[in-house]
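Peer 1: The sequence isn't on hand, but the structure is:
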């Protein structure tokens, strides 16, 4: 069954990957620049969204839920073996390639700490990975310290875990009333919090992030109704929706910080923050699907290109940033290192997309096609592959 491809969602995924990249660069630069802190860290600044990496991650999860649920919602069934094969080659193979590149970069990097590094950067790359740690990284879905090598891969651990069960979640909820799915969201987060607090099973936080996949599924299921609703609103009302979505995406952290300062004793305020981010994400997502102006700009060549390379850009940028900091710190100025790290991230992102992702996707589709068709399948040329790329 042919599923409509939403190029604007590729672009949004690319913009989210760029925001994560800028957030990590900003974390370093803000240590040395009062101007950067004023522009991006001040509570009132509208530019916070450019470095709000965690909100961008929530965006990834919602987009993944949207894209992965579309084929199931359209066909009312899922070829599970073929689905798993395609997800393995779409997500895991590029992930494993990144791990293989990161291991020697870490092993040979100078190990040190500096008061010029942000605190979060001083607790990573402190030692080469042991054999056990390498195995854990390659297994991917088991609990391990993702920050030891490449801090961004924590999202992919959740993505891979959720991908295994998500088709069954969609099949379970797709025939239920919409409010049943909404009730499931806080229920999953509460279950995760209980498992972490009382059983100390920290891997259960995957259930919390599953909530955002379900939100994406709901938008996919009711996309016609939601886009029709927004299209029928007056222009002033639609602008209000845009501003509300932007405000939630940009400023939800202020509510979280206020609750943390209030010392309520509630340890999971961050979960509430994630839901506030998700509300902004859902608003932006629906408006992007329904707005012809947003669609026009998001489907231009540059945003779509960044969307295509977004997975590899996300995978490699933090490795590149840490490599520059550890190999060249003290010899090259931060003001030179950081722009070069950003530029190299885009170059490596493109190379990873072209030489790892596309061949891996093609192979996954070929194997999945054989599983479905008894060995005879027509495989699209690599350059024409339009596989849903909800990778991060």
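Peer 2: Happy to help now that I have it. Everything numeric in this text was worked out from a predicted model, so none of it was measured.
Peer 1: So which bits of stretch 71-84 are buried?
Peer 2: 71-73, 78, 82-84 (16 or more other Cβ atoms under 10 Å). Every C-beta, even on glycine, is put in place using the N, C-alpha and C of the backbone.
Peer 1: Now for those: which two are most distant?
Peer 2: 73 and 84 (18.5 Å; Cβ to Cβ).
Peer 1: Hmm, which of the buried residues of stretch 71-84 is lowest in pLDDT?
Peer 2: Among those, residue 78 carries the lowest pLDDT, at 82.
Peer 1: Next, that one: secondary structure please.
Peer 2: Put simply, residue 78 is coil when judged by DSSP: H, G, I helix; E, B strand; the rest coil.
Peer 1: Wait, it touches residue 167, no?
Peer 2: Yes - the criterion here is Cβ atoms under 8 Å, and residue 78 meets it with residue 167 at 4.4 Å.
Peer 1: and for the two, which residues touch both?
Peer 2: residue 72 (Cβ atoms under 8 Å, 6 or more residues apart in numbering).
Peer 1: counting contacts, what elements does the lengthiest helix in the chain pack onto?
Peer 2: Criterion DSSP state H: the longest helix present in the chain is helix 235-261. Judged by 3 or more Cβ pairs under 8 Å, 6 or more residues apart in numbering; DSSP states H and E, helix 235-261 is in contact with helix 53-75, helix 269-290.
Peer 1: just those helices: most buried one?
Peer 2: Mean neighbour count (mean count of other Cβ atoms under 10 Å) peaks for helix 53-75 among the helices and strands packed on helix 235-261, with a mean of 24.
Peer 1: got the angle for it vs helix 269-290?
Peer 2: Counting by axes from the mean of the first three to the mean of the last three Cα atoms, to 10 degrees, helix 53-75 lies at 60 degrees to helix 269-290.
Peer 1: Which elements pack onto helix 53-75?
Peer 2: Looks like helix 53-75 contacts helix 7-29, helix 154-173, helix 205-221, helix 235-261, helix 269-290 (3+ Cβ pairs under 8 Å, 6+ apart).
Peer 1: what is the orientation angle of that helix with helix 7-29?
Peer 2: Per the same axes, to 10 degrees, the angle that helix 53-75 makes with helix 7-29 is 160 degrees.
Peer 1: immediately after helix 53-75, which helix or strand?
Peer 2: Following helix 53-75 in sequence order, the next helix or strand is helix 80-87 (DSSP states H and E).
Peer 1: got a list of contacts for that following helix?
Peer 2: Contacts of helix 80-87 (Cβ under 8 Å, 6+ apart): 160, 163-164, 167, 361, 364-365, 367-369, 371-372, 387.
Peer 1: Pick out the shakiest of the helices and strands packed on helix 53-75, pLDDT-wise.
Peer 2: helix 235-261 (a mean of 86).
Peer 1: could you pull out the helices for the stretch 251-392 of the chain?
Peer 2: Using DSSP state H, counting those that start in this stretch, the helices of the stretch 251-392 of the chain run over 269-290, 292-298, 301-308, 310-328, 334-352, 358-373.
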